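In: What shape does this take:
(one chain, ligands or ions: 2)
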Amino acid sequence: MTSAPLISVPEALDHVFSLCSHLESEVIPLRAGLNRVLAKYAIASRNQPPFSASIMDGYAVKDSESHIGATFTVIGEAAAGHRFDATLNAGQAVRIFTGAPLPSGASRVLMQENVTRKGDQITQTAVSRTTNIREIGADFKAGDLLKAPRRLTPRDLALLAAMNIDTITVTRKPVVALIATGDELVMPGETPDDAQIIASNGFGLAAMVEAAGATPRMLPIARDTESALKHVLGLASDADMIVTIGGASVGDHDIVGQVATKMGLLRAFYKVAMRPGKPLMAGRLGDAMMLGLPGNPVSALVTAHLFMLPALNKMLGLGETPVALHPARLTQDLPANGPRAHYMRAQIDMGQVTPFDSQDSALLRILSDANALIVRPPFAPASSTGDTVDVILL
Ligand SMILES: Nc1nc2c(c(=O)[nH]1)N[C@H]1C(S)=C(S)[C@@H](COP(=O)(O)OP(=O)(O)OC[C@H]3O[C@@H](n4cnc5c(N)ncnc54)[C@H](O)[C@@H]3O)O[C@H]1N2
Ligand code: MOO
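Out: Numbers count the residues shown, from 1 in each chain. Ligands and ions are numbered 1, 2, ... in the order given. As a prediction, this is how the structure comes out:
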């Protein structure tokens, strides 16, 4: 039997990028913006703060009159939300609170700890280094932008709210159909027979899709027959991406490739020089991009991390960016690598990375305990304790 040539991980990723494109945008309420990708810049319609404001509780005075021993007459009060409307004259002070607009004529705020007060008279006891005033527009000015594309964080949402923006334009969420395949699978909570296992991969993948800002659609498990698989693939017609799990290898029951091809799959590649994840497939099926992930749990989740997530990012408008690599120091020696890139499950702590002893691609417990993958390029020479290697953070 001839085996298909394996393509490299970067080549496979290039193919994946060419199979998908940036989706349309939609307008949503700001409140729904967490983790969405801004598609159009947002523009501030006001200055923040909108007036020069006190940054301390104390007394507003003229800066030129500030010195130890200076005395002032308190003529009124300014609090957050309540402006003191008159103008401050020589020798006068206005009681002021944090966030209140600075009265006109004032140019310094004395902290209340730096004065003594008797009736309406205050005497300054210390001079602070700064004027304790936040200038108008110090945070942002009318016309300032939050640029797109950008995945919105809780901090961004607070900034947009301060800009008085209540709706935002974001890329719509890609819809990802997830199809587990195999006669051996039952859903969590069901009662497996003595040859069955629980379909776990879809749960990890659905969570990854959601965390990426897309919408997972878990379709029914497809049994290992052409008609069952055709039926379930047919249910995915509205998806932007179809992700099958399992049935990707060379066994008699591995029918995903054949069935999808009969349904019109334009295959871009099959089999990648990587470990885990060799029997990975990608192409276009109808209007959707299709990724055929290997069934072994670690293989499915690692290939999704390396290929599905960057593809979703591209659909969301974030460009063609491979998963980020970070440097870390090995806590043990590693042997030379073979011809396939190896993504080793590992634990990283304070920049020190330790691979797990077992790298079996079926072991979910180890994947769950891992927080990093050590990336060993094809034919990497042996590495020693203390060497720097690339890692992917999980
Ligand atoms: N003769 C060869 N055999 C295999 C090769 C090969 O090159 N030649 N490759 C091996 C590699 S590497 C992998 S990875 C697996 C991938 O096989 P499939 O994609 O066809 O996956 P299945 O055979 O359907 O399943 C493999 C394994 O994973 C379990 N599985 C499947 N789906 C799920 C799911 N949704 N949740 C949990 N577990 C799942 C399945 O029961 C099997 O145990 O092929 C090797 N074989
Ligand atoms: O490539 Mo398979 O993913 O080793 O188990």
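In: who in this structure is up against ligand 2?
Out: Arg275, Pro276, Gly277, Lys278, Pro294, Asn296, Ser299, Ser361 (C-beta under 6 Å from any ligand atom). All C-beta spots, glycine's among them, are computed from the backbone N, C-alpha and C.
In: Also near ligand 1: which of the residues you listed, exactly?
Out: Restricting these to those within reach of ligand 1 (C-beta under 6 Å from any ligand atom) leaves Pro276, Lys278, Pro294, Asn296, Ser299, Ser361.
In: Give me the pLDDT for the residue of the chain found nearest ligand 1.
Out: Proximity of the chain to ligand 1 (C-beta to the nearest ligand atom) peaks at Gly295, 2.5 Å away. Note for Gly295: predicted pLDDT of 96.
In: ok, it - contacts?
Out: Thr181, Gly182, Asn201, Ile245, Gly246, Gly247, Ala248, Ser249 (C-beta atoms under 8 Å, 6 or more residues apart in numbering).
In: Just the ones of the residues you listed in strands?
Out: Among the contacts of Gly295, DSSP state E puts Ile245 in strands.
In: out of the residues of the chain next to ligand 2, which one sits closest to Val375?
Out: Arg275 (11.2 Å; C-beta to C-beta).
In: how close does the closest one sit to Leu364?
Out: Using C-beta to C-beta, to the nearest Å, one gets 17 Å for the distance from Arg275 to Leu364.
In: If you count surrounding residues, which of those two has more?
Out: Arg275 (20 against 14; other C-beta atoms under 10 Å).
In: so how far is the helix or strand where Lys314 lies off the chain centroid?
Out: Per DSSP states H and E, Lys314 falls inside helix 309-315. For helix 309-315, the distance from its own C-alpha centre to the chain's C-alpha centre is 12 Å (C-alpha atoms, centre = their mean, to the nearest Å).
In: Over to stretch 27-38?
Out: 13 Å.
In: Buried ones in it, by neighbour count?
Out: By neighbour count on 16 or more other C-beta atoms under 10 Å, the buried set for stretch 27-38 is Leu30, Gly33, Asn35, Arg36, Val37, Leu38.
In: What's the mean pLDDT across that stretch?
Out: Taken as a whole, stretch 27-38 has an average pLDDT of 98.
In: distance between the ends of that stretch?
Out: Criterion C-alpha to C-alpha, to the nearest Å; first-to-last residue distance in stretch 27-38 is 10 Å.
In: Not counting it itself, show me its contacts.
Out: Against stretch 27-38 from outside (C-beta under 8 Å, 6+ apart): 146-154, 156-157, 160-161, 165-171, 173, 211, 213, 316-318.
In: re the thing from before, let's have the residues of the chain next to ligand 2 in JSON lines, adding distance to His22 and secondary structure.
Out: As requested, these are exported to JSON lines (distance: C-beta to C-beta, whole Å; DSSP: H, G, I helix; E, B strand; the rest coil):
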{"residue": "Arg275", "distance to His22": "32", "secondary structure": "strand"}
{"residue": "Pro276", "distance to His22": "30", "secondary structure": "coil"}
{"residue": "Gly277", "distance to His22": "26", "secondary structure": "coil"}
{"residue": "Lys278", "distance to His22": "30", "secondary structure": "coil"}
{"residue": "Pro294", "distance to His22": "28", "secondary structure": "coil"}
{"residue": "Asn296", "distance to His22": "32", "secondary structure": "coil"}
{"residue": "Ser299", "distance to His22": "29", "secondary structure": "helix"}
{"residue": "Ser361", "distance to His22": "33", "secondary structure": "coil"}
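In: which of those residues count as buried?
Out: In these, the ones that pass as buried (16+ other C-beta under 10 Å) are Arg275, Pro276, Gly277, Lys278, Pro294, Asn296, Ser299, Ser361.
In: these two touch, right, the first one and Ala341?
Out: Yes. Taking C-beta atoms under 8 Å as the definition, Arg275 is a contact partner of Ala341 at 7.1 Å.
In: ok, so of the ones next to ligand 1 among the residues of the chain next to ligand 2, who is nearest Gln352?
Out: Comparing those against Gln352 with C-beta to C-beta places Pro276 closest, at 23.7 Å.
In: returning to that earlier point: now the residue of the chain closest to ligand 1: how far from Leu38?
Out: Counting by C-beta to C-beta, the gap from Gly295 to Leu38 is 37 Å.
In: Kindly report the same for Met111.
Out: Using C-beta to C-beta, Met111 is found at 40 Å from Leu38.
In: all strands in the stretch 151-300 of the chain, in order from the N-terminus.
Out: Taking DSSP state E, counting those that start in this stretch as the criterion, the stretch 151-300 of the chain contains strands spanning 167-171, 175-180, 185-186, 197-198, 215-218, 241-245, 266-270, 274-275, 281-285, 288-293.
In: out of those strands, deepest packed?
Out: Stretch with highest mean neighbour count among these: strand 241-245 (a mean of 29; mean count of other C-beta atoms under 10 Å).
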